[in-house]
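*Asks:* Build me a model from this:
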Amino acid sequence: MDRKTIIGMILIAVIIIAWPFYTKLISPEPVPVKYVNGGVAVKVDTSVSISEKRDSATAKKAAVSDIQKTKTEIPIKENALWSNAPEKVISIKSKLFTTRISNKSGGTIKEWVLQNYKDGTGSKVNFIDSHKNINFSFNYHNQVINLSDAVFEASSNQSEIDLDYVGSWSISYTLVFDQTRSIEQTFTFYNDRYDFDVDVEFKNFGDEVINSEYQLQWLSGLRSTEKDLHGDLTYFKAYSLLGDEKEEFDVTENSSELAFSGLTKWLASRTKYFVLFIIPQEKDGTGCKLRGEAFTKNGALDKKEYLLSMSMKFESNKKDRFKFYIGPMDFSTLNKYDENLTVIMEWGWAIIRPITKAILYTFNFLYGIIPNYGWVIIVFALLVRIVLYPLTHKSFVGMQKMKEVMPKQREIQKKFKDNPTKMQQEMMKLYKEVGYNPLSGCLIMFIQLPILFPIYQVFNESLDLRQAPFFGWIKDLSIPDTVGILHTGLPFIGDFHVNPLPIIMTVLTFIQQKIAPMTPMDTSDPSQKFNQKFLLYGMPIMFFFLFNNFASGLVLYWTMFNVLTMAQQLLMAKHVIK
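*Replies:* Okay, here's the model as predicted:
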């Protein structure tokens, strides 16, 4: 490997490390604002936590209840709405999930367990907070009606449902206000889908709902499912799709809030590998609000919680349907929906997104033939090596010609050291005579850049690699292949994770440096000697610390890529030199 290529790889490493900081710099955390009438943005007071606001809202409701009753007679049976009636829970099982749904709030999801995925502890994934989630809220006779604690009547007394037998199943929850007015929420679940439908109908409310709008809310955050809590929390974000524009909201400390007005296609909250979508079906929302709060423990980020709220136009005696998707962040699954859900996935910069998707499609295709992602990665590295072979060969030939050019180049430099212009002209003339391109050594580096970044993106976020084993000690290709931890107590190192793959990669990189054709140097120049030694010994060490924290799938790819590079170098050295 020549010096220019090594320098290029250093730059690649620096860019990979600096990428998250760069994206934070160009996309800083949004200033907490909300939009009032006319689209004017105003700051939001974030000094009060979400839990405090919940308690405050409850206290205010109790405090103003009597005052409001003296102003107007509100036909609401509060004892029925917020009573201590027994909670009824129904268990529903399908081939993709199991769930438990309560009559509180007209359909609180108590749990949502994914059958085909396990969390960091080995249990099936359940990333829904069961405290409170689905809720409808509206302003009625100057009173905010919040249904999160209301007790609904269920249309079914069944306690268990198996969707494998019935295919799909519906249940209605009804809340009676008086002899004429009621709210009905109907849930429909499907056996082979991660989504379910919710129909809501406000019966005989007329025009008594203030501002003719109501809010559909998700009142709880999502749970982390990964061993690497910090890595998982990095991806905890909330989203909204306003028209064709995706809005991203990330909270890293304290709490903040964003509100938007305009046609709202959907709202979402995600972890690294799983996602919740709220998608209106009959009509778009008229606006939305995203609120987030970050919690710390012992000075480190420990939890993120997002609350989602979508404003909907109120129409009495007309059903509105919403689709809730609670499942994996899987491209092929999300791509089946018409609502452009895949825009939530991180594909990297716009210029590399097509390459990232092409790599993902290639992975899925190869996995259909080779049902082990470790071998898929090895085969993929071989395919990339074959594609880059002509460029690598051209670079190698250029290095051999450089050896011929070097003595004459030194003569020109010495002869025209006082005339840089003439020296440059003579250099170009020399290169043309021997057929040498000075950029040939950099060619392979430049062609690898648009491939390396998408590969990094796929390996870092691919759900397919999550908990995918290879062999032996490599149990999960999406995380480092740690076999032990050394408690060094050293600054900047701390607990050092012992990962065999980066060690193997480092040894092979050193061997590759030894056999690679290096740029001919002036042995009388101490700086060139130092550079050669650094490339030989410093580069492998630097790459070790860089890759030691990467997913083992990415390290496996780079290791195999280097092995194939060495094989190609030995083959070309045997034939090209002859």
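
*Asks:* Ile370: what's its closest spatial neighbour, skipping adjacent residues?
*Replies:* In this structure, Ile370 finds its nearest non-sequential neighbour in Val376, 5.5 Å apart by Cβ to Cβ, 6 or more residues apart in numbering. C-beta: built from backbone N, CA, C; applies to glycine.

*Asks:* From Asp330, how far off is that neighbour?
*Replies:* Val376 is 17 Å from Asp330, where distance means Cβ to Cβ, to the nearest Å.

*Asks:* Same question for Gln143.
*Replies:* 43 Å.

*Asks:* tell me the pLDDT at the residue lying farthest from the centre of the chain?
*Replies:* Most distant from the centre of the chain: Lys415, at 58.5 Å, with distances by Cα atoms, centre = their mean. Lys415 is assigned a predicted lDDT (pLDDT) of 81.

*Asks:* from now on call the first residue 594
*Replies:* Got it, first residue is 594 now, which makes that one Lys1008.

*Asks:* Any idea how many residues pack against the residue nearest to Ile963?
*Replies:* 26 (other Cβ atoms under 10 Å).

*Asks:* And the residue nearest to Asp722 when sequence neighbours are not counted, which helix or strand is it part of?
*Replies:* Spatial nearest neighbour of Asp722, excluding adjacent residues (Cβ to Cβ, 6+ apart): Ser813 at 3.7 Å. Of the helices and strands defined by DSSP states H and E, none includes Ser813.

*Asks:* Would you list the phi and psi of Ser813?
*Replies:* Phi and psi for Ser813, reported as degrees, to the nearest 10, are phi -140, psi 160.

*Asks:* Wait, it touches His724, no?
*Replies:* Yes: with contact defined as Cβ atoms under 8 Å, Ser813 reaches His724; the gap is 5.3 Å.

*Asks:* And those two? Which one has more around it.
*Replies:* When Ser813 and His724 are compared for neighbours, Ser813 comes out ahead with 22 against 12, by other Cβ under 10 Å.

*Asks:* Which pLDDT value goes with that one?
*Replies:* Listed pLDDT for Ser813 reads 85.

*Asks:* Repeat that for the one 5 residues further on.
*Replies:* With respect to pLDDT, Thr818 has a value of 92.

*Asks:* For Pro1073, see how far away it is.
*Replies:* 18 Å.

*Asks:* List the contacts of the residue farthest from the centre of the chain.
*Replies:* Taking Cβ atoms under 8 Å, 6 or more residues apart in numbering as the contact definition, Lys1008 lies against Met1016, Glu1019.

*Asks:* Could you report the separation of it from Phe829?
*Replies:* 64 Å.

*Asks:* Not counting its own residues, what contacts stretch 1151-1160?
*Replies:* 594, 970-971, 974-975, 977-978, 985, 1094, 1097-1098, 1101-1102, 1104-1105, 1108, 1140.

*Asks:* if you set the cut-off to 10 Å instead, what comes out?
*Replies:* With Cβ atoms under 10 Å, 6 or more residues apart in numbering as the test, stretch 1151-1160 has contacts from 594, 967, 970-975, 977-979, 981-982, 985, 1037, 1041, 1044-1045, 1048-1049, 1052, 1094-1095, 1097-1102, 1104-1109, 1136, 1139-1140, 1143, 1145.

*Asks:* do stretch 1072-1092 as well
*Replies:* 713, 819-821, 824, 1058-1060, 1063, 1065-1069, 1093-1095, 1097-1098, 1137-1138, 1140-1149.

*Asks:* Buried ones only from these, please, as a ChimeraX command.
*Replies:* Buried residues within the contacts of stretch 1072-1092, by 16 or more other Cβ atoms under 10 Å, are selected in ChimeraX with:
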select :713,819,824,1058,1059,1060,1063,1067,1069,1093,1094,1095,1097,1098,1137,1140,1141,1143,1144,1145,1146,1147,1148,1149
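
*Asks:* Can you flag which of the contacts of stretch 1072-1092 belong to strands?
*Replies:* Judged by DSSP state E, strands contain none of the contacts of stretch 1072-1092.
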